[in-house]
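Novice: After the sequence you'll find the predicted model.
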Amino acid sequence: MQIFISHSHNDEMFARKVASFLEDQGLDVWEASNEILPGDNWAAKISQGLQESNAMVVLLTPESLKSVLVQREVEYALGSIEYRKRLIPVLIDPDKTIAEDDIPWILKRLNIIDLTEHETEEDGIRRIADTLQASS
């Protein structure tokens, strides 16, 4: 299973942290900052990453919820049989600035991992890994 991490550019550092933890757990991860090199056609690389992946972790922040690119990545996963039961929304909002109405209705129908409910960030990221491993 290859996991695509969808996130806004502002959340790149956290996406790297999630990717690193998942890789340490033996999972194969596609994360833009590791896969897209200077000079690459970023749209083509993202398309390739989506096509080669079969699971998605989408990091929900105020910025990602406004991102057209993140929206398109999620739409791709929702429309692809390969991602079935492997689209995991993760709420990262320590300041609790995201209102429930800001989250698209389709993502609210999935089990959202709320990192603000865990004692430590690592516990929350571990839950992401456990969820992905259980779905494989």
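Specialist: Good, I have the coordinates. Residues are numbered from 1 along each chain as shown.
Novice: show me where the protein has helices.
Specialist: Taking DSSP state H as the criterion, the chain carries its helices at 12-24, 32-35, 42-52, 62-66, 68-78, 105-108, 121-135.
Novice: possible to save those helices as JSON lines with mean neighbour count and mean pLDDT?
Specialist: Every C-beta, even on glycine, is put in place using the N, C-alpha and C of the backbone. Output for the helices of the chain, formatted as JSON lines (neighbours: other Cβ atoms under 10 Å; pLDDT from 0 to 100):
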{"stretch": "helix 12-24", "mean neighbour count": "17", "mean pLDDT": "94"}
{"stretch": "helix 32-35", "mean neighbour count": "16", "mean pLDDT": "88"}
{"stretch": "helix 42-52", "mean neighbour count": "15", "mean pLDDT": "94"}
{"stretch": "helix 62-66", "mean neighbour count": "17", "mean pLDDT": "94"}
{"stretch": "helix 68-78", "mean neighbour count": "17", "mean pLDDT": "96"}
{"stretch": "helix 105-108", "mean neighbour count": "12", "mean pLDDT": "91"}
{"stretch": "helix 121-135", "mean neighbour count": "16", "mean pLDDT": "90"}
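Novice: Chain neighbours aside, what residue packs nearest to R86?
Specialist: Distances taken as Cβ to Cβ, 6 or more residues apart in numbering place A55 nearest to R86, at 3.7 Å, with adjacent residues excluded.
Novice: Could you tell me how many residues sit around that neighbour?
Specialist: Residues near A55, counting by other Cβ atoms under 10 Å, number 26.
Novice: which strand residues sit across from it in the sheet?
Specialist: Note on A55: beta-bridge partners by DSSP bridges are I3.
Novice: A134 is in contact with that one, correct?
Specialist: No - between A55 and A134 there is no contact under Cβ atoms under 8 Å: 11.4 Å.
Novice: What lies in contact with stretch 9-27?
Specialist: Outside stretch 9-27, the residues that touch it by Cβ atoms under 8 Å, 6 or more residues apart in numbering are 1, 3, 5, 7, 29, 31-34, 57, 59, 61, 63-64, 90, 92, 121-122, 125-126, 128-129, 132-133.
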